[in-house]
Structures are given as structure tokens and as C-alpha cells.
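*Asks:* turn this into a model:
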Amino acid sequence: MSVETVPSATATTGTDATADAVRGVQTLSMAKAINAGLREALLADPKVLLMGEDIGPLGGVFRVTEGLHAEFGDKRVLDTPLAESGIVGTAIGLAMRGYRPVVEIQFDGFIFPAFDQITTQLARVHLRSEGTVPMPVVIRVPYGGHIGSIEHHQESPEAYFAHTPGLRVVSPSSPHDAYWMIQEAIASNDPVLFFEPKSRYWPKGPVDQDHPGTPLHASRVVRRGTDATLVGHGAMVATLLQAADIAAGEGRSLEVVDLRSLSPIDYGPIVDSVQRTGRLIVAQEAYGSVSVGSEVAATVAERAFYSLEAPVLRVSAFDTPFPPAALETEYLPSADRVLEAVDRALAY
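*Replies:* Okay, here's the model as predicted:
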């Protein structure tokens, strides 16, 4: 399926000057970048609605929707009951009537009450209707660790949904990608799970609001290298870049690829990289077994077997429920654990 994009838009009334003033390259946090992307989508299409728990006047627990309720009102930015299944079910009905709902699941671990609606209804309507009923629903999911929280607040459930046919699954790693990817997700006629790495909400980076760059479902090389390829998504990309910086000080050159899209996965840049470096390490915050990392490892082993000079290695969280916050630094992959895998790969 083709990648759809949505053009930037400004309001047609008194907000034109304000909207024009914020164009160009800005330094934003990911939270603010998503907020700006949501605002663009609301301005561009009156059928776009935002729904979720406390996303209205409060602006969400992470303040990602801050200010949007005041600007667009409670018919476009809706607070909902604490009922994830009801939120997604309502979004499905709205999509059937021509709306483009964007719903927020407050924390990653809260998505499971909506699992049935997502996997057995939302994912299947387009096929069930023989393509006559599009499902332009975006589900925003703050996910991942490194925020010192508790069980159900720091999980990485993306593999459940990447495994489900009919769903698109994406995760930005930078403010620029977050700004553009949320708009592209909203423009899609297929349902999109939009996983937002919580630990990257606050670090700032450049956002070019005039040039989108990489399409929604394309992976991208974010650092060139020659000795080994590191692949990850979301918050893990920052960890991989940190590992590459440390390795460079030791005379090793590591290439880093940001997946960006988990379903579908764009394997072209990954396979091309492995054919040049001969080694692959896949890292993720999620559990290692039956995961996105497992799929990447298996597919690269199929497509680039004769280029590999060492087994594909995986670095992940351990296969246990998320531990108390005091143990998260031991549980989640670190740059040191990534570099230990690099050492093993280079030792072959």
C-alpha cells in the first residue's frame, strides 16, 4: 500500500499569522512536536477528532494535547470515561461515519482492555468490507521505560499489534519524525498504532515544519558506520547512538538504523547496511522472545545470509514482567549491553 502524507495547513481565519510565524526549523521536545502535528491535522481537516482520558483541559498526563481543547473546543478534543474498550469502539463507529478519530491510551499497559476491539474489529473492518469501509483511526500509545514508574506504566506491547494483520504500527525516535509521522498516520485510511517513547518526550531536537523528509513506513540510516549494524526503534535509537559514540572512541565504526515503522518494516536500508558491515545487532526495550527484534533477525538472516560474518544478535529486556522502578536500569538494554553484543559479533 502506498504511503499517504498530509500537507501542512494553516487556519483560514485569524490564526494565519500565528501559524505562519512558527514555520521553518524549530527546536522542540517530542511532546511539543506531536502537539504541533496534531494541531496541523485539526486545522487541515474538520473531520479529525481527538479523544482520550484527560486529554481536554488538562492536556493529558504528559501534556501532549495541551492547549488544543482551548483552541478547538470540546467537540474536536474530547475527554472520555476511563474505558479503553469504549474509547476504541467509539472511534471505530466514528470512522465508519467519515471521521478521522485520534485516540490516546493514557499508558501502554492500559491498552489491553481495548485489545479485542483493536485486533478483532478495528484491524479487520477494511478487509471485512472488501475495501469499502476505510478505518482512519490512530491510536496514540505512550510506551516504554526509563521514567521510573510502575508496572502497567512502562511496558512495550508493540509486538502484539505488529503481529496483527490490518494494523499499521509506527514509532518515532525524534521530534522531527514525531511531528510529521503523526500527520501521516492521521492521513492514512488504515488504522495506525502510533507508539510514542515516553522517555523521549522531553529531550529537544530540530523540527523542520516545511520539509517532511522520510515517508511514514520507511526505515532510515541515522549514523553511518562500517564494522557492524545496529537496528532499533523508538527510545532505543538514542541508546544505539550513544553506543556508537562510545565505540567510535575505541576505534570502531557502528552504523545505526532507525526502524520507524514496525508494520510494515522497510528492510531495504537494513539489508543494504548488513551487506556492507557483515554484522547485525537488533536492540529493543520489549521482551526478546517472539518480538519485533526476532522478526528483523530472522528476515535479515534469510535475505542477507551470505553477507553475514557472525550470527545476528539480539539485545532486549528480559523475559519477565516489568520490575519495580528501582530495577529498570538493570532490566532495560543499555549502551553497555549493546556494546557487549558488538564485542561478541566482532569476535567471530
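
*Asks:* neighbours around the residue nearest to residue 206 when sequence neighbours are not counted, how many?
*Replies:* Leaving aside its chain neighbours, residue 206 sits nearest to residue 25 (5.4 Å; criterion: Cβ to Cβ, 6 or more residues apart in numbering). Every C-beta, even on glycine, is put in place using the N, C-alpha and C of the backbone. Using other Cβ atoms under 10 Å, residue 25 is surrounded by 12 other residues.

*Asks:* over to residue 151?
*Replies:* Neighbour number of residue 151 under other Cβ under 10 Å is 12.

*Asks:* I figured it hits residue 322, correct?
*Replies:* Yes: assessed by Cβ atoms under 8 Å, residue 151 is found in contact with residue 322 at 5.3 Å.

*Asks:* for stretch 91-106, measure first residue to last.
*Replies:* Taking Cα to Cα, to the nearest Å, stretch 91-106 runs 16 Å from one end to the other.

*Asks:* pLDDT on that stretch, on average?
*Replies:* For stretch 91-106, mean pLDDT is 97.

*Asks:* ok, now stretch 143-157?
*Replies:* Mean predicted confidence for stretch 143-157 is 83.

*Asks:* what comes up buried for it?
*Replies:* Neighbour-count burial for stretch 143-157, counted by 16 or more other Cβ atoms under 10 Å, picks out 143-147, 149, 153-157.

*Asks:* just give me how far that stretch sits from the chain centre.
*Replies:* With Cα atoms, centre = their mean, to the nearest Å as the basis, stretch 143-157 stands 15 Å off its chain's centre.

*Asks:* please apply the same query to stretch 132-152.
*Replies:* 9 Å.

*Asks:* one step back: wait, what's in contact with the residue nearest to residue 206?
*Replies:* 206-209 (Cβ atoms under 8 Å, 6 or more residues apart in numbering).

*Asks:* going along the chain, name the strands of the chain.
*Replies:* For the chain, the strands defined by DSSP state E cover 25-29, 48-52, 77-79, 100-104, 138-143, 168-170, 192-197, 204-208, 220-223, 228-232, 254-258, 261-263, 280-287, 313-317.

*Asks:* name the stretch among those that sits most buried.
*Replies:* strand 228-232 (a mean of 30; mean count of other Cβ atoms under 10 Å).
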